[in-house]
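# this one's sequence-less:
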């Protein structure tokens with residue numbers, strides 16, 4: 001069992017938790033993920049390592065409440081326990097040798113982008129962070145990004161936070177002003193990453209994206225997290241759990257990834273509704 005040592009609401013739909021998991025914290029790196037189960041009958045879900053503290057033996061996860069399992073997870077309180085917390089899994093984000101990088105984060109994807117920006121900053125890299133949210137109410141990790149960035153560009157869809165517009169607008173503005181980057185690292189909704197990659201291809205800038213397809217075992221056996229890459233004109237299958245989650249964004253077939261990611265949306269919505277109703281019934285009888 002893994003103890004929840006800290007819980008904090010970042011916005012109405014996003015929660016931060018610190019989990020006591022010394023063995024995971026000892027080896028975790030930015031870009032990697034864990035797979036957890038809330039209880040012994042729970043499903044396995046992957047969550048990115050948002051931060052870690054090797055001294056205290058804790059791992060930070062940040063999750064959005066979108067389905068049945070994240071709803072159950074959010075009902076856990078400090079001092080409570082998780083059944084399983086397996087990791088670190090996946091390949092760490094490669095940061096070696098990078099001198100100037102643009103880190104682009106969208107929505108809850110900023111929880112994944114932040115530890116990468118933090119690591120790059122600690123290694124002496126010049127980090128330009130471009131982060132975007134739908135509105136000010138949904139902003140997370142603003143102070144953390146400010147501390148880990150040489151330059152911070154803030155965008156919101158409605159203009160309530162930073163400048164109004166998309167992260168791609170901000171990135172294009174920087175590139176057209178003459179900024180040169182060794183690499184762009186984009187993490188967020190698939191549609192956002194697709195258009196970031198379309199933009200960086202115009203400027204011939206290497207681009208890394210973090211993919212989060214459907215995942216079950218996290219060890220490459222089930223094939224659920226498969227992705228298609230186009231390499232030298234050939235379609236190549238990769239698995240996000242063992243080959244990623246980072247990939248060359250100019251090779252990813254984003255249209256296929258978006259189609260596969262939408263396959264279970266109706267099922268997920270119904271499962272979430274049933275779980276919410278169950279908690280309401282329990283609370284009404286308490």
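Done, it's in. The shown structure was predicted, so the numbers you read here are calculated from the model rather than taken from an experiment. Numbers count the residues shown, from 1 in each chain.

# OK, contacts around residue 185?
93, 101, 102, 103, 104, 113, 116, 207, 208, 209, 210 (Cβ atoms under 8 Å, 6 or more residues apart in numbering). Quick note: C-beta positions are derived from backbone N, CA and C, even for glycine.

# Mark which of those residues are part of helices, please.
Members of the contacts of residue 185 lying in helices (criterion: DSSP state H): 113, 116.

# Find me the pLDDT at the closest residue to residue 57 other than its chain neighbours, would you?
Nearest-residue entry for residue 57: residue 22, 3.3 Å, with adjacent residues in sequence omitted and distances by Cβ to Cβ, 6 or more residues apart in numbering. At residue 22, the predicted lDDT confidence score is 96.

# what's around residue 22, how many residues?
Applying other Cβ atoms under 10 Å, we find 14 residues neighbouring residue 22.

# any idea how far the closest residue to residue 155 other than its chain neighbours is from residue 141?
Leaving out its chain neighbours, the residue that sits closest to residue 155 by Cβ to Cβ, 6+ apart is residue 132, at 4.0 Å. Note on residue 132: its distance to residue 141, by Cβ to Cβ, to the nearest Å, is 13 Å.

# Those two: which is more packed in?
residue 132 (28 against 24).

# Would you agree that one is in contact with residue 107?
Yes: using Cβ atoms under 8 Å, residue 132 is in contact with residue 107, at 7.5 Å.

# Need the residues touching each of these two.
Counting by Cβ under 8 Å, 6+ apart, the residues touching both residue 132 and residue 107 are residue 188.

# can I assume residue 52 is in contact with residue 25?
Yes: assessed by Cβ under 8 Å, residue 52 is found in contact with residue 25 at 4.7 Å.

# got any residues that touch both of the two?
Listed contacts common to residue 52 and residue 25 are 58, 59; contacts here mean Cβ under 8 Å, 6+ apart.

# Which residue ranges of the protein form helices?
Taking DSSP H as the criterion, the chain carries its helices at 22-27, 68-74, 110-122, 142-148, 167-176, 190-202, 240-243, 254-261, 265-284.

# can those helices go into JSON lines with extra columns for distance to residue 1?
Shown next, in JSON lines, are the helices of the chain (distance: least, Cβ to Cβ, whole Å):
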{"stretch": "helix 22-27", "distance to residue 1": "13"}
{"stretch": "helix 68-74", "distance to residue 1": "14"}
{"stretch": "helix 110-122", "distance to residue 1": "24"}
{"stretch": "helix 142-148", "distance to residue 1": "29"}
{"stretch": "helix 167-176", "distance to residue 1": "39"}
{"stretch": "helix 190-202", "distance to residue 1": "34"}
{"stretch": "helix 240-243", "distance to residue 1": "24"}
{"stretch": "helix 254-261", "distance to residue 1": "32"}
{"stretch": "helix 265-284", "distance to residue 1": "21"}
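
# which stretches of the chain have low pLDDT?
Scanning the chain with the threshold set as pLDDT under 70 gives 262-286.

# The same query, at a cut-off of 80, please.
Residues of the chain meeting the criterion pLDDT under 80: 213-220, 260-286.

# Am I right that residue 154 is in contact with residue 161?
Yes: with contacts counted by Cβ under 8 Å, residue 154 reaches residue 161, the gap being 5.9 Å.

# now residue 52: how far from residue 93?
14 Å.

# wait, the residue nearest to residue 57 sits on residue 59?
No: using Cβ under 8 Å, residue 22 is not in contact with residue 59, being 9.2 Å away.

# Any idea how many residues pack against residue 258?
The criterion is other Cβ under 10 Å. On that basis, residue 258 has 13 neighbouring residues.

# For residue 248, list each beta-bridge partner.
Counting by DSSP bridges, residue 248 is bridged to residue 208.

# so it makes contact with residue 207?
Yes: Residue 248 lies in contact with residue 207 (Cβ under 8 Å); the separation is 7.2 Å.

# Run the chain-centre distance for stretch 196-215.
Chain-centre distance of stretch 196-215: 14 Å, with Cα atoms, centre = their mean, to the nearest Å.

# do stretch 144-163 as well
Centroid separation between stretch 144-163 and its chain, computed with Cα atoms, centre = their mean, is 17 Å.

# What lies in contact with it?
Contacts of stretch 144-163 (Cβ under 8 Å, 6+ apart): 103, 105, 110, 114, 117-118, 120-121, 126-137, 139, 142, 164-167, 169-170, 174.

# do the same with stretch 202-214
With contacts defined as Cβ under 8 Å, 6+ apart, stretch 202-214 is touched by 31, 46, 48, 93-94, 109, 112, 175, 181-187, 193, 196-197, 200-201, 224-227, 240, 244-250, 252, 257, 260-261, 263-264.
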